Every structure is written in C-alpha cells, then in structure tokens.
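> Attaching a predicted model along with its sequence, questions to come.
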Amino acid sequence: MLVELHGPVPGRTPMVKAVVGYHGRTTNLWLKLEQENPFGSIKDRVAYSLLGTIFETGLLCGGIIESTSGNLGIALARYSQICGVEFTAVVDPRTSRMLVRQMRSADAKIVEVTNPDETGGFLLSRLAYIRDRMAVEDTLVWPNQYENPANPRAHTEGTAPEIHSAIPSDELDVFLGVSTGGTMRGFTDYVTRNRLPWRCVAVDEVGSIALGGPPATRSLNGIGASRSSSFVSGRDCPNVRVTAREAVAACDWVASELGVRVGGSSGAAVAGALRWMREGFGAEHMVVVCPDGGERYEDTIYSQNWRRAKDLTARADLEFPEVRSTSVVDNSLILT
C-alpha cells in the first residue's frame, strides 16, 4: 500500500529558565522540555522524520521494525497506528514495562530479545534479530535510527533552531545526552551550517561505549549504548561521563528546585552541565536538552525499590547551585 504520514507534528516545546548562582557566579540554566511533544519525548521528532523519509519515497510498506529502549518505540507505534501500518518494537529485559505497555496500547507488536551481546548489553542482539528478520521478509522496513540521516536532521531542522530562536544570546553551552548520537550530530551540523559560537557537549553514562571506551554495567535507559555511535565519536566534541547516581540526584534536584520531573537521561545531562559549571567551563547561558519527563520512570528513577536494587540510594558527589529565579518560555513564542 501507498502510505502517507499523518498525525500531530512534534516541536515547539517549552523551556524552563533558571537563574542559578554557583561560587559567586551567575549562570542562566535552560531546560528544553521535550516531554511536551505529542507522544511525550524527543523521539517524536525522530519518528516523524524517519517515517516521513520512508513514506515520501512512495515505498510499499509491509510493516516497520525498529530496535528501541522505549521512547522511539512509543512514537513509532503511535504514528504507525494513525497511518495504518504494522509496527514491531524490538526491546530487551531492561526496557521499562510501563513503556512496553504504552507501545502495546498503540497496537505495536513486541519482540523481547533476552540474549546479552558480547558487551553485556542487548543492543547488538536486538540489531542482529532485526537483520535476521530483514533477510527473510522483503516487505519489512527498518528505519534504522542508528545510521539514518533523518535522525540528526530532525534536530538540525527542529530542536536546534527552536533553541536559537528562544535564547537571546549566540554564545551557548548545549548539553546533549548520547545514545544513537543523532541529537549530537544534528546540533553540530546546525552549529557548523550557521557558524554559531555554540559549544555542544555530549553527556554519556559511565560504562557506555557510544563515544568509545571500555564497556561496563549501566543502569540508565535512554542514554548510552553498547556500540559506538555512527553519528559522532568522543573525538568530535567535548564530552562528560556521569554515573547513574549523579543522574538520579540531578533528577531529584530538578524536581525539588525547578518543579519539573524529568527522565533519567535528562538527569544525566543536567548532572553533566552542573559538573561543567563546577569546573568553571560554563558559559553565561547553558542549555540542557531533556529528552523526556519523569512520568515514564515511576518504576525506575523515581522508585525507591529500584534505587535500592541498583545501589543508588547513597548521596552522589554532586554540588548543586542556588536557584535564584525561574521562568518559562512558552512553546507558542518559539520560532514566531
């Protein structure tokens, strides 16, 4: 069948601005709240871009399959449901059961890969499963968020310009969590194309090899990977690695001081920004792109049982700044 892309267009998400003080220095810390996209995360932008590219080709689509840790799966499931296309999400035991339920509620078929790969994670096993399916089902389409240029293009054409429009300064430090590396690639392409004095900082969890380095056990979903990114490497950009304990502590700080619940990858990015600030690198304006909200992490990040099971209840060695004021830049003001 010939498929056309329908559904709500993602973007124009709001930003929270916090004026913070740290050791006598004042910084404007901005959080870009991607949880306000139609289906709840920054991956709505990626799903819309990936599917748009597929459907624009006039491809006769017998079904879509993608590897996901949750957010992209939800977005692809919702758009596929609207467009009348079958979608299969390939997940693993670390995927939040809440997110799996949300995918199923949008008629997604769920395949859970349970064999760990050689790094101790599941991503390579998920990708191997997809390749095996693709080899025998010639009508199946794999968007391949890990290598498809439509992934970073969603941010070059959407997320990054929105930030540029909203903040009255050209000099920014922008903190971006890394998993596929698509967000980082999209932002660096935008900065290069527009010759902006932005410093894009990649934030990854300790133990991830998305930016290179040895693998180790990880606790966070939505950030990090058990394979190197096809879009960016640790040599391409400044980067910060944080622990899961730091990410959890940052989530708690954002909730208590800024009144917003964010997800684990967002907490990691905030923790990276605060460490950057503590080490004296921060610009006057620092932006953290927050991929999703805390409601998807009630059974993990915000669960005391999960924290105890992951040994994350001890206080993180992370010093938080004083919050002097907060305000919101509404999405209706962005790019107008």
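Received it, and whenever you're ready, just let me know what you need.
> Pull the CA coordinates from the helix or strand hosting Cys200 and hand them back as CSV.
Per DSSP states H and E: Cys200 is located in strand 199-205. Output of strand 199-205 as CSV, limited to C-alpha atoms (Å, rounded to 0.1, in the frame of the first residue of the first chain):
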residue,chain,number,x,y,z
ARG,A,199,29.7,24.6,22.4
CYS,A,200,27.9,21.3,22.1
VAL,A,201,28.8,18.9,25.0
ALA,A,202,28.0,15.2,24.8
VAL,A,203,26.9,13.6,28.0
ASP,A,204,27.1,9.8,28.4
GLU,A,205,26.8,7.3,31.3
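> Show me what that strand pairs with in its sheet, parallel or antiparallel.
Strand 199-205 has the following strand partners under DSSP bridges: strand 173-177 (parallel), strand 239-242 (parallel).
> Quick one, which of these gets closest to Asp138.
strand 173-177 (35.3 Å; C-beta to C-beta). Every C-beta, even on glycine, is put in place using the N, C-alpha and C of the backbone.
> residues of the helix or strand following that closest one that come out buried?
Toward the C-terminus, strand 173-177 is succeeded by helix 182-194 as the next helix or strand (DSSP H and E). Buried residues in helix 182-194, counted by 16 or more other C-beta atoms under 10 Å: Gly182, Thr183, Met184, Arg185, Gly186, Phe187, Thr188, Asp189, Tyr190, Val191.
> Go through stretch 18-34 and flag the buried ones.
Residues Ala18, Val20, Tyr22, Thr27, Asn28, Leu29, Trp30, Leu31, Lys32, Leu33, Glu34 are the ones in stretch 18-34 that count as buried (16+ other C-beta under 10 Å).
> Now flag whichever of the buried residues of helix 182-194 is closest to Arg324.
Nearest to Arg324 among these is Phe187, at 27.7 Å by C-beta to C-beta.
> pLDDT score assigned to that closest one?
Confidence at Phe187, expressed as pLDDT, is 97.
> swap in the one 10 residues further on?
You'll see Pro197 listed with a pLDDT of 95.
> how many neighbours does it have?
Neighbour count of Pro197, defined by other C-beta atoms under 10 Å: 10.
> Find the helix or strand that it is a member of.
Here Pro197 sits in a region with no helix or strand, counting by DSSP H and E.
> So it sits against Asp170, correct?
Yes. Here Pro197 reaches Asp170: they are 5.6 Å apart, a contact under C-beta atoms under 8 Å.
> quick one: the residue lying closest to Ser229 once chain neighbours are set aside from Leu274, how far?
Of all residues not flanking Ser229 in the chain, Gly181 sits nearest, at 3.1 Å (C-beta to C-beta, 6 or more residues apart in numbering). Distance check for Gly181 against Leu274: by C-beta to C-beta, to the nearest Å, it reads 22 Å.
> Can you tell me the closest non-neighbouring residue to the residue nearest the centre of the chain?
With distances taken as C-alpha atoms, centre = their mean, Pro291 lies nearest the centre of the chain, 4.2 Å away. Closest residue to Pro291 apart from its sequence neighbours, by C-beta to C-beta, 6+ apart: Ile42 at 4.2 Å.
> Could you do Asn151 as well?
Spatial nearest neighbour of Asn151, excluding adjacent residues (C-beta to C-beta, 6+ apart): Gly182 at 3.5 Å.
> Trp306 now?
Closest residue to Trp306 apart from its sequence neighbours, by C-beta to C-beta, 6+ apart: Thr300 at 4.9 Å.
> Next up, the contacts around that neighbour.
Ser96, Asn221, Gly264, Trp306 (C-beta atoms under 8 Å, 6 or more residues apart in numbering).
> Look up phi and psi at the third one.
This points to Gly264. With angles defined as degrees, to the nearest 10, Gly264 sits at phi -60, psi -40.
> cool, and the second one?
Asn221 adopts backbone torsions of phi -100, psi 150, taken as degrees, to the nearest 10.
> who's in contact with it?
By C-beta under 8 Å, 6+ apart, the residues touching Asn221 are Ser69, Gly70, Arg94, Thr95, Ser96, Gly264, Ser265, Thr300.
> Ok, the third one next?
Counting by C-beta under 8 Å, 6+ apart, Gly264 touches Leu220, Asn221, Gly222, Ile223, Ala244, Ala247, Val248, Cys251, Tyr297, Thr300, Ile301.
> burial count for the third one?
So that's Gly222. Using other C-beta under 10 Å, Gly222 has 25 other residues around it.
> start the count at 15, not 1, going forward
In the new numbering, first residue 15, that becomes Gly236.
> Could you report the distance from the closest residue to it other than its chain neighbours to Ala61?
Spatial nearest neighbour of Gly236, chain neighbours left out: Ser279 (3.9 Å); criterion: C-beta to C-beta, 6+ apart. Distance, Ser279 to Ala61, using C-beta to C-beta: 17 Å.
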